[in-house]
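K.L.:
Fold the stuff below for me.
(chains A and B)
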Amino acid sequence: MSEPVTAVVFYVFAVLAVLGALGVVVLRNPVHCALSLAVVFVSLAAMYVQLSAPFIAAAQIMIYAGAILVLFLFVIMVLSPRIEFGEGALPGQAVAAGIVGLALVVVLAFVLLNGHLASSTGPFTPEVIAAQGHTQIIGGILFTKFLLPFEITSLLLLVAIIGVISLARVKN
Amino acid sequence: MLTVTHYAVLAAILFSIGAVAVLVRRNPLIMFMGIELMLNAVNLTFVAFSRYLQNLDGQAFVFVVLTVAAAEVAVGLALIVAIFRSRANVDVDEIDTLKG
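P.N.:
Prediction:
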């Protein structure tokens, strides 16, 4: 893709992602919030494609937009008759949170804009990734250099499965 | 010209919006969505920096974050359902059983 096209695609999806994220904060109905979150997930997946990480983009769509979002919607639908949509916020809570959020943006942006990127770069240019295949490279890294973290994540999933079953079980 | 800073600042904005969602909303489901937003922002920084440093190690961490997010949502939503079973609402200000 040529440089201007890349920039336009970035800004379109950046605006979509920010609007979707604001929707999560602002919208009253939890179902609308969840659908707004889907916009963020898909926009970020588009950015991963741009950043020559197509496998991460696919995983993002499958795990976030597929599994996690459906789980959210499922729980909202199951509980919805009893969810109170009106929210009894503390006095001044929205203003205080807005100030904290704004301060967080300013501090993070200040650090990022003044930081320097380390000059040492690795071998994986977009051309190398395109030639070897992103999935292949990621698979190689996960099963050699990061084998232990990879196995730990499988243990984490096992713990989560057992925990969820014991939490959701109806006790007699 | 797009630089890594563009992506990093976008991630900072998304992270802050997620933090505000956790702070502002009293519905635990939407607070979880805020946490998902923050995790996604972190993933975006990982992928952006791994692209610009031409080093794919960062993307291995994205997988760990994805797994943590999935496990966290599953356990968290199970907790919310369990709280719903024992009481009528899930307003986080009402769940104060542990308060001394």
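
K.L.:
got any ranges where chain B has weak pLDDT?
P.N.:
For chain B, the stretches flagged by pLDDT under 70 are B:88-90, B:100.

K.L.:
Show me where it has its helices.
P.N.:
Under the criterion DSSP state H, helices of chain B are mapped to B:4-24, B:28-52, B:57-86.

K.L.:
Turn those helices into TSV, columns for distance to A:V12 and mean neighbour count.
P.N.:
For glycine as for every other residue, the C-beta is placed from the backbone atoms N, C-alpha and C. Compiled in TSV, the helices of chain B are given as follows (distance: least, CB to CB, whole Å; neighbours: other CB atoms under 10 Å in any protein chain shown):
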stretch	distance to A:V12	mean neighbour count
helix B:4-24	12	22
helix B:28-52	16	22
helix B:57-86	23	18
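
K.L.:
how about CSV for these, with distance to A:M62 added?
P.N.:
Shown next, in CSV, are the helices of chain B (distance: least, CB to CB, whole Å):
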stretch, distance to A:M62
helix B:4-24, 20
helix B:28-52, 14
helix B:57-86, 9
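
K.L.:
can you tell me which of these comes nearest to A:H116?
P.N.:
helix B:4-24 (10.8 Å; CB to CB).

K.L.:
how distant is the closest one from the center of its chain?
P.N.:
Remark: helix B:4-24 is offset 11 Å from the chain centroid, using CA atoms, centre = their mean, to the nearest Å.

K.L.:
who touches the nearest residue to B:G58 once chain neighbours are set aside in this structure?
P.N.:
Closest residue to B:G58 apart from its sequence neighbours, by CB to CB, 6 or more residues apart in numbering or on different chains: B:S50 at 3.5 Å. By CB atoms under 8 Å, 6 or more residues apart in numbering or on different chains, B:S50 lies in contact with A:A53, B:L56, B:D57, B:G58, B:Q59.

K.L.:
and with 7 Å instead?
P.N.:
B:L56, B:D57, B:G58, B:Q59 (CB atoms under 7 Å, 6 or more residues apart in numbering or on different chains).

K.L.:
shouldn't the last one be in contact with A:I56?
P.N.:
I take that to be B:Q59. Yes. At 5.8 Å, B:Q59 and A:I56 qualify as touching, with contact defined as CB atoms under 7 Å.
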